[in-house]
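Colleague: Build me a model:
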Amino acid sequence: MRAAAILRGGGVATLIAVAAPASAQELDRPDVQDLVLGAGADAQPGPFREYACGTDGGPASIAVAGFDEFARCPKESGTGLHEIAFRYDDEIEYYALAMNLKPVADRYGGTRFGSFPVIVSALFDDSGILRGYRVVTDDRGTVRERRIAYAMGVFAKAQFKSGQWTCSSEPLGEGETPLGNQFVKEDCSTTMPGGQTAKLRVRLLHRPGQAAVDPFTGEKRVGQYESTARLEVFDAGWGSER
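Modeller: Next up, the predicted model:
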């Protein structure tokens, strides 16, 4: 396998394999699943980028320097934890684009969970111990990415095979309608052997007031639906209130 070493500041920053995507080696870029539950803020992997106070899986709020500034972020009402959102390091993507390695750039571009664009955040207690992390589909992607965002639920379940998932499918509520002939309204949970828990919420539907076609004009309504998945993983003894 041929490889190109990318040099920065006199040292090797990363190694990009110049090979077919199927056989290319995995590159070392930390992601949300590398976070260490039960460990302190200073023991978490990195580097990440754009640290900021989180908003329950929504857009980032006040910028912070890193995980060690968790106390600057207000505690959530549901979990009682401090949420810090962050983005993945994009260095590999930029080097790959510069070397015309589009498959590598696509694989390591942006902040993703599998192939799904996501908003990720770390949840710290008052002592600075990581008690959970959150992964929420990001609807700022392409039209196709937003349409299939709910499928992240399938990928999420596959990441925690050590636990048995328990799922409940809810009926459509008042004003909710299927998206075409499909709708998904599923809530799942699992407990791993070590006591860690994971919770998953998946939705594919029209919310009240949304429709594919305007009932008055007959014109198509673009993006009038919810296609989302939300994963939360907690340390043993945490997250039971959500």
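Colleague: Can you report phi and psi for Ala85?
Modeller: Reported as degrees, to the nearest 10, the phi and psi values for Ala85 are phi -80, psi 160.
Colleague: Show me the beta-bridge partners of it.
Modeller: Beta-bridge partners of Ala85, counted by DSSP bridges, are Ala52, Ser121.
Colleague: confidence score at it?
Modeller: If you check Ala85, the pLDDT there is 97.
Colleague: what's the answer for the one 3 residues further on, then?
Modeller: Model confidence at Tyr88, expressed as pLDDT, equals 92.
Colleague: okay but it is in contact with Pro45, surely?
Modeller: No: contact criterion C-beta atoms under 8 Å: Tyr88 and Pro45 do not qualify, at 10.9 Å. Just so you know, the C-beta spots here come from the backbone N, C-alpha and C atoms, and that holds for glycine as well.
Colleague: Need the residues touching each of these two.
Modeller: Pro30 (C-beta atoms under 8 Å, 6 or more residues apart in numbering).
Colleague: ok, the two, which is more surrounded?
Modeller: Counted by other C-beta atoms under 10 Å, Tyr88 and Pro45 do not tie: Tyr88 has more neighbours, with 22 against 16.
Colleague: How many residues are close by the residue nearest to the more buried one when sequence neighbours are not counted?
Modeller: In this structure, Tyr88 finds its nearest non-sequential neighbour in Thr111, 4.6 Å apart by C-beta to C-beta, 6 or more residues apart in numbering. Thr111 has 22 neighbouring residues, counting by other C-beta under 10 Å.
Colleague: And Val64, by the same measure?
Modeller: Around Val64 there are 20 residues (other C-beta under 10 Å).
Colleague: Spit out the contact partners of it.
Modeller: 51-53, 70, 72-73, 84.
Colleague: and the gap between it and Phe86?
Modeller: Distance, Val64 to Phe86, using C-beta to C-beta, to the nearest Å: 9 Å.
Colleague: so where's this protein shaky on pLDDT?
Modeller: Scanning the chain for pLDDT under 70 picks out the ranges 1-27, 91-94, 97, 102-108, 163, 213-218, 221, 239-242.
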